[in-house]
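Student: Sequence isn't available, so here's the structure alone:
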Ligand SMILES: [Zn+2]
């Protein structure tokens, strides 16, 4: 192996080591996918001090006519925390067709 090849090989090895290190670091920074543990803070919705959790939400901003899309971290207390789809489904009672008809009747009478 010539000196030049040796230098090149060492450079590549160093680069790949550096990449592995930054790659591992990035993985650590991202952390687990579960929502963070609740901690004391100010809820972004009701602005009360409470145990809050961090939630990722997608946001569209319009500044000077240019739309930008980003992910923002919001902190919500237990009351304001967005419900997962499964939780929502569990909370909404399944209406029977009779109940739906009654609802429609009430709506027509202006009760709703
Ligand atoms: Zn709240």
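Tutor: Good, I have the coordinates. Computed from a predicted structure; not experimentally measured.
Student: Pull the residues that contact the longest strand along the chain.
Tutor: For the chain, the longest strand by residue count, based on DSSP state E, is strand 49-63. When contacts are defined by CB atoms under 8 Å, 6 or more residues apart in numbering, strand 49-63 is touched by residues 35-44, 67-79, 81-82. Every residue, glycine included, has its C-beta placed from N, CA and C.
Student: again, 10 Å this time
Tutor: 35-45, 67-82 (CB atoms under 10 Å, 6 or more residues apart in numbering).
Student: domain assignment for this structure?
Tutor: 1-31, 33-92 (automatic domain parsing).
Student: where among those domains is the average confidence lowest?
Tutor: Mean pLDDT is lowest for domain 1-31 out of these, coming in at a mean of 72.
Student: residues from this protein in reach of the ion?
Tutor: Residues of the chain lying close to the ion by CB under 5 Å from the ion are 43, 45-46, 77, 80.
Student: Of all pairs in these, which one is the farthest apart?
Tutor: Pairwise distances across these peak at 7.6 Å for 45 and 77 (criterion: CB to CB).
Student: Which of those two has more residues huddled nearby?
Tutor: For residue 45 versus residue 77, neighbours defined as other CB atoms under 10 Å are more numerous around residue 77 (20 against 15).
Student: need the contact list for that one.
Tutor: Contact analysis of residue 77 by CB under 10 Å, 6+ apart lists 38, 41-53.
Student: what's across from it in the sheet?
Tutor: residue 52 (DSSP bridges).
Student: about what we covered before: any idea which of the contacts of residue 77 is closest to residue 19?
Tutor: residue 53 (33.7 Å).
Student: That closest one: how many residues sit nearby?
Tutor: Look at residue 53: counted by other CB under 10 Å, it has 19 neighbours.
Student: Distance of it relative to residue 45?
Tutor: 12 Å (CB to CB, to the nearest Å).
Student: what is in contact with the two at once?
Tutor: 74-77, 80-82.
Student: Filter the residues you listed down to the buried ones.
Tutor: 74-77, 80-81 (16 or more other CB atoms under 10 Å).
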